[in-house]
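Student: Here's a sequence, model it:
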Amino acid sequence: MNKPPSIYKTRFLVVCISSLFFSASFNMLIPELPAYLSILGGAEYKGLIISLFTLTAAISRPFSGKLTDTIGRKPVMIIGVLVSLVCGFLYPVMITVSGFLFLRLLHGFSTGFSPTAIAAYVADSIPKDRLGEALGIQGLCFSAGLALGPALGSFIKLYYSFNVLFYSSSFIAFVSFLLIINLRESLLKTKFMKSSIFQFSRHDFFAKEVLPSATVTFFTYIAFGVILTIIADWSEHLGIINKGTFFIVFTLSSLCVRFIAGKTSDIYGRSIVIKMGLIVLILSLLIIGYFNNSIGLLIGSGFYGLAMGVLSPALNAWTIDMSHPDHRGKAMATMYISLEVGIGLGAFFSGWYYQDDMYRIPIIIYTCALMAVLAFVYMLFKPISRH
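Tutor: The predicted model follows:
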């Protein structure tokens, strides 16, 4: 039997490492931004910290998807990283509540561009029968940034200042930029940037063929928006000093299963893996909501990480499976739009209902569990093929 070719090519590994640094650059700010906004006098707007970020991320997805399929994957990756780099330098300048909220809108363009292009780049570079495995590894690196970023950010703020935190975010984004600047473009037929590229029809905004994965993604990521908004306050309330601890546990458990989950979905199909992930997601949210102590929170975080480690690569691979090869950027943009909308709505409504009342947090978490149940029911009645 011939040994299958390795997926661990240099450019794939470089994209994965760049993805880690990019993720860390903006996620390192998240645990400290609620306190920073309170200092500026905008405590009542905490729900907008994430929802404004995801709003522009979602709005920019159709543009990033079309650009990814025309001018290439690499330029779109670079645009996203540069936005994150510039924003780190602007936070110390925007010292009013309105300025801060405007900057959160601007910062959202970073995740509206880079992840779309990264997923398309990986899909171009990897054989289809290894795609779940590859996306699991790339997602593992992105999630490592999600864990290391908040922990590092909280450490920097604890011993230094908010300004040092913001400048550190820019530096880490710069490292991500250096990694991808010399990458070879993976899109075979690229077009020059011209005005016609920015002419959109309604067909450019949504890839209807990936509606099933977009639907499940939407219901799945509502909980993530909630966690990004309230988990720092909840952790502090339960006596956890480093607000990034939840994300460390969440990501470590996620790392344990991403590689295996992605490979399993290549072998046994996306449907069964997604259903298993949703069951674990529901369990994790019930644990977080029920146990009103730090141990319960961290156990729930571990299960939540397992759930997302299973779901993320399977959903990404399922989206690619259903997409047209010439429109992978648009397909991934569609999936990411649903992701951003889910995160944004979760963040907005949890912030609106929370209002610094800790006793409301379990109710919010139980509502997220209900959304995950809806996703599971959808999967039960939505027949899909093996891939």
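Student: quick one: the helices in the protein?
Tutor: 10-27, 33-40, 46-70, 73-90, 97-125, 131-159, 162-180, 211-237, 245-268, 270-290, 294-322, 328-354, 361-381 (DSSP state H).
Student: right, so of these, which gets closest to Leu187?
Tutor: helix 73-90 (5.6 Å; Cβ to Cβ). (C-beta placed from N, C-alpha, C; glycine too.)
Student: The closest one: which residues count as buried?
Tutor: 73-85, 87-88, 90 (16 or more other Cβ atoms under 10 Å).
Student: Burial check on Tyr268, number of neighbours?
Tutor: A count of nearby residues for Tyr268, using other Cβ atoms under 10 Å, gives 12.
Student: do you know how far it is from Ile260?
Tutor: As judged by Cβ to Cβ, to the nearest Å, Tyr268 and Ile260 stand 12 Å apart.
Student: Surely Ala261 is in contact with Asn316?
Tutor: No - using Cβ atoms under 8 Å, Ala261 is not in contact with Asn316; the gap is 11.1 Å.
Student: Can you report how many residues neighbour the closest residue to Leu283 other than its chain neighbours?
Tutor: With sequence-adjacent residues excluded and distances taken as Cβ to Cβ, 6 or more residues apart in numbering, Leu283 is closest to Phe303, at 5.7 Å. Residues near Phe303, counting by other Cβ under 10 Å, number 21.
Student: Kindly report the same for Asp321.
Tutor: 22.
Student: That one and Arg270 touch, don't they?
Tutor: Yes - counting by Cβ under 8 Å, Arg270 is a contact partner of Asp321 at 6.9 Å.
Student: Distance of the nearest residue to Glu236 once chain neighbours are set aside relative to Trp234?
Tutor: The shortest distance from Glu236 to any non-neighbouring residue, by Cβ to Cβ, 6+ apart, is to Lys243 (6.3 Å). Using Cβ to Cβ, Lys243 is found at 10 Å from Trp234.
Student: Repeat that for Phe218.
Tutor: Distance, Phe218 to Trp234, by Cβ to Cβ: 24 Å.
Student: for the residue nearest to Leu283, what are its contacts?
Tutor: For Phe303, the contacting residues are 253, 280, 283-284, 287, by Cβ atoms under 8 Å, 6 or more residues apart in numbering.
Student: low pLDDT regions in the stretch 101-250 of the chain?
Tutor: Applying pLDDT under 70 to the stretch 101-250 of the chain flags residues 190-206.
Student: Look at the residue nearest to Leu283 and report its pLDDT.
Tutor: pLDDT for Phe303: 95.
Student: same question, Val273
Tutor: 90.
Student: so it makes contact with Thr264?
Tutor: Yes - under the criterion of Cβ under 8 Å, Val273 makes contact with Thr264 at 5.6 Å.
Student: that older thread, which of the contacts of Phe303 tops the neighbour count?
Tutor: Highest neighbour count within those, by other Cβ under 10 Å: Ser284, with 27 neighbours.
Student: ok, that residue - contacts?
Tutor: 300-304, 306-307.
Student: So which of those residues is the closest to Leu380?
Tutor: Among the contacts of Ser284, Ala307 lies closest to Leu380 (Cβ to Cβ), at 17.3 Å.
Student: Distance of the closest one relative to Leu339?
Tutor: Using Cβ to Cβ, Ala307 is found at 15 Å from Leu339.
Student: Ok, Pro212 next?
Tutor: Taken as Cβ to Cβ, the span from Pro212 to Leu339 is 14 Å.
Student: Those two - which one has more neighbours?
Tutor: Applying other Cβ under 10 Å to Pro212 and Leu339 shows that Leu339 carries more neighbours, namely 25 against 20.
Student: per-residue confidence for the more buried one?
Tutor: pLDDT, read off for Leu339, is 85.
Student: Gly342 now?
Tutor: Model confidence at Gly342, given as pLDDT, is 90.
Student: Compute the number of surrounding residues for it.
Tutor: By other Cβ under 10 Å, the residues close to Gly342 number 25.
Student: Enumerate every residue touching it.
Tutor: Applying Cβ under 8 Å, 6+ apart, we find Gly342 in contact with 217-222, 224-225.
Student: Buried members of these into PyMOL, please.
Tutor: Under the burial definition 16+ other Cβ under 10 Å, those of those that qualify are selected in PyMOL by:
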select buried, resi 217+218+219+220+221+222+224+225
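Student: any idea how far the closest residue to Trp352 other than its chain neighbours lies from Val15?
Tutor: Residue nearest to Trp352 in three dimensions, not counting chain neighbours: Gly47, with 5.5 Å by Cβ to Cβ, 6+ apart. Between Gly47 and Val15 the distance is 33 Å, computed by Cβ to Cβ.
Student: Show the backbone phi and psi for Leu187.
Tutor: Note on Leu187: backbone dihedrals following degrees, to the nearest 10 are phi -80, psi 120.
Student: Number of residues surrounding the residue nearest to it when sequence neighbours are not counted?
Tutor: In space, and not counting its chain neighbours, Leu187 is closest to Gly72: 4.6 Å by Cβ to Cβ, 6+ apart. Residue neighbour count, defined by other Cβ under 10 Å, stands at 23 for Gly72.
Student: Same check on Ala207?
Tutor: By the criterion of other Cβ under 10 Å, Ala207 has 26 neighbours.
Student: wouldn't it be in contact with Thr334 here?
Tutor: Yes - using Cβ under 8 Å, Ala207 makes contact with Thr334 at a distance of 4.4 Å.
Student: hmm, who's touching stretch 79-98?
Tutor: With Cβ under 8 Å, 6+ apart as the criterion, stretch 79-98 contacts 18, 22, 25-26, 29, 37, 40-42, 45, 64, 99-100, 102-103, 106-107, 109-115, 117, 162-163, 166-171, 173-174, 176-177, 180.
Student: Many thanks, I have nothing further to ask.
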